[in-house]
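A.B. asks: pasting the structure only:
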């Protein structure tokens with residue numbers, strides 16, 4: 001079985017999202033080694049290896065270098081730790097989720113280089129200063145480029161001759177469990193109805209002011225927020241008797257929370273960090289056959305605007321939530337039928353299978369198209385903007 005080395009900026013045990021969905025399926029074809037960002041530790045540098053799933057090993061470097069991520073000062077130490085990751089004569093497929101790890105490619109003789117661009121990381125808070133330059137270099141080296149949604153594809157397609165759009169997909173069977181309201185999570189049992197819920201990372205992409213205004217406008221609505229708070233001051237979070245923070249939960253628990261909700265929320269802030277996002281949860285909400293309301297995120301509005309209520313202003317968003325709560329039985333049935341049609345057309349199984357096919361048939365050495373100037377991809381900003389995935 002060939003080896004697939006994955007350099008990832010996200011921890012395997014963080015929110016279960018695109019890398020976990022894809023790698024657990026690609027493990028049918030590859031022995032997968034996931035190299036995470038280093039963890040700061042005192043003492044001698046070492047590589048902690050943990051088998052997390054069949055044919056998947058997480059390799060977590062521990063170093064005493066006092067810098068976050070795949071920082072330049074980390075590279076020499078990491079090269080030493082990864083020197084024996086695969087035998088000298090083996091040619092692994094090397095897959096990047098972050099361009100910052102690109103210098104580590106020098107330690108390998110790859111059969112193929114893949115860049116799965118799941119987020120525009122340069123648009124996130126405090127990106128590394130070398131990120132755009134390093135991404136340009138990765139686009140020149142990569143044999144195959146995947147993007148996490150149509151907006152990202154539009155941004156990258158002219159920068160590489162072998163780019164493919166693979167939007168966020170869904171494990172329909174897993175989230176279909178939520179249609180059984182009897183499995184509603186016991187920790188929300190004492191929260192009154194109606195319940196409007198969101199799960200995901202609560203960070204700079206989350207519109208805290210919108211949620212605050214919702215809670216104030218309708219104190220009878222119970223807003224349930226499931227997920228870790230990352231890179232924003234907890235003091236900025238809306239606090240009210242009808243706003244309930246449930247913290248980070250496992251992937252297995254998500255259908256249980258959905259099972260107790262009336263309306264699902266996609267309250268994303270409209271800023272640089274959300275310009276290219278393709279939220280995985282939109283299809284998961286659909287698999288649960290629950291009505292949902294979103295701000296006008298392009299990769300939600302364009303493909304799903306006939307199913308997801310789209311609202312631009314806080315007043316419109318609150319009104320849309322009210323309409324979704326008031327849907328009659330026939331309206332809910334018609335909406336659920338449309339959701340089933342959409343969900344039936346995609347799955348992580350199909351996505352992973354198509355990616356494997358492309359890896360198997362791509363001839364190494366594809367030449368990338370010339371990259372435009374960096375500011376043609378990411379507009380110039382006056383302030384540093386948000387680096388973590390959705």
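C.D. replies: Nice, thanks for sending it over. Computed from a prediction, not measured in an experiment: that's the story for all the values here.

A.B. asks: in this structure, which spans are helices?
C.D. replies: 18-26, 75-82, 131-141, 150-156, 172-176, 208-217, 254-258, 281-287, 298-304, 314-325, 329-344, 348-361, 374-377 (DSSP state H).

A.B. asks: which one of the ones you listed lies closest to residue 47?
C.D. replies: helix 75-82 (4.5 Å; C-beta to C-beta). To be clear about C-beta, it is placed using only N, CA and C from the backbone, and glycine gets the same treatment.

A.B. asks: in TSV: the helices of the chain, plus distance to residue 8.
C.D. replies: Listed next are the helices of the chain as TSV, based on distance: least, C-beta to C-beta, whole Å:
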stretch	distance to residue 8
helix 18-26	6
helix 75-82	13
helix 131-141	14
helix 150-156	17
helix 172-176	22
helix 208-217	28
helix 254-258	21
helix 281-287	20
helix 298-304	22
helix 314-325	33
helix 329-344	27
helix 348-361	16
helix 374-377	22
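
A.B. asks: how about low-confidence regions in the stretch 1-150 of the chain?
C.D. replies: 121-127 (pLDDT under 70).

A.B. asks: quick one: the strands in it?
C.D. replies: Counting by DSSP state E, counting those that start in this stretch, one finds strands in the stretch 1-150 of the chain at the ranges 3-7, 31-35, 39-40, 46-53, 56-63, 93-96, 112-117, 144-147.

A.B. asks: quick check: which of the ones you listed is buried the most?
C.D. replies: Of the strands of the stretch 1-150 of the chain, the one with the most neighbours on average (mean count of other C-beta atoms under 10 Å) is strand 93-96, at a mean of 27.

A.B. asks: that one packs against which elements?
C.D. replies: Under the contact criterion of 3 or more C-beta pairs under 8 Å, 6 or more residues apart in numbering; DSSP states H and E, strand 93-96 touches strand 3-7, strand 112-117.

A.B. asks: reformat those as CSV; add distance to residue 263.
C.D. replies: Output for the helices and strands packed on strand 93-96, formatted as CSV (distance: least, C-beta to C-beta, whole Å):
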stretch, distance to residue 263
strand 3-7, 36
strand 112-117, 31
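
A.B. asks: and of the ones you listed, who's closest to residue 210?
C.D. replies: strand 112-117 (27.6 Å).

A.B. asks: contacts for the closest one next, please.
C.D. replies: 18-19, 22, 93-97, 99, 105, 138-139, 141-148, 152, 156, 166, 359, 362, 364 (C-beta atoms under 8 Å, 6 or more residues apart in numbering).

A.B. asks: run the angle between it and helix 348-361 for me.
C.D. replies: 140 degrees (axes from the mean of the first three to the mean of the last three C-alpha atoms, to 10 degrees).

A.B. asks: chain center to strand 112-117, what's the gap?
C.D. replies: 16 Å (C-alpha atoms, centre = their mean, to the nearest Å).

A.B. asks: can you list the strands that that strand pairs with?
C.D. replies: strand 93-96 (parallel), strand 144-147 (parallel) (DSSP bridges).

A.B. asks: before we move on, the earlier item: worst mean pLDDT among the helices of the chain?
C.D. replies: Ranked by mean pLDDT, the helices of the chain end with helix 374-377 at the bottom, a mean of 31.

A.B. asks: before we move on, back to that, how about the strands paired with strand 112-117 in TSV, adding distance to residue 80?
C.D. replies: Below are the strands paired with strand 112-117 laid out as TSV (distance: least, C-beta to C-beta, whole Å):
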stretch	distance to residue 80
strand 93-96	18
strand 144-147	29
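
A.B. asks: ok, which of the helices of the chain comes nearest residue 12?
C.D. replies: Comparing these under C-beta to C-beta, the one sitting nearest is helix 18-26, at 6.8 Å.

A.B. asks: ok, and what's touching that closest one?
C.D. replies: So helix 18-26 is in contact with 4, 6, 8, 10, 12, 32, 34, 53, 56, 97, 116, 118, 148, 168-169, 171, 251, 280, 348-349, 351-353, 355-356, 389, going by C-beta under 8 Å, 6+ apart.

A.B. asks: now, of the residues you listed, which are buried?
C.D. replies: Burial by neighbour count, 16 or more other C-beta atoms under 10 Å: within the contacts of helix 18-26 this picks out 4, 6, 8, 10, 12, 32, 34, 56, 97, 116, 118, 148, 168-169, 171, 280, 348, 351-352, 355-356, 389.

A.B. asks: pLDDT score assigned to residue 253?
C.D. replies: For residue 253, pLDDT reads 98.

A.B. asks: measure the spatially closest residue to it that is not a sequence neighbour to residue 132 for me?
C.D. replies: Spatial nearest neighbour of residue 253, chain neighbours left out: residue 185 (6.3 Å); criterion: C-beta to C-beta, 6 or more residues apart in numbering. Counting by C-beta to C-beta, to the nearest Å, the separation of residue 185 from residue 132 is 41 Å.

A.B. asks: and for residue 227?
C.D. replies: Distance from residue 227 to residue 132, by C-beta to C-beta: 28 Å.

A.B. asks: dump the residue contacts of the residue nearest to residue 253.
C.D. replies: 253, 256, 257, 259, 260.
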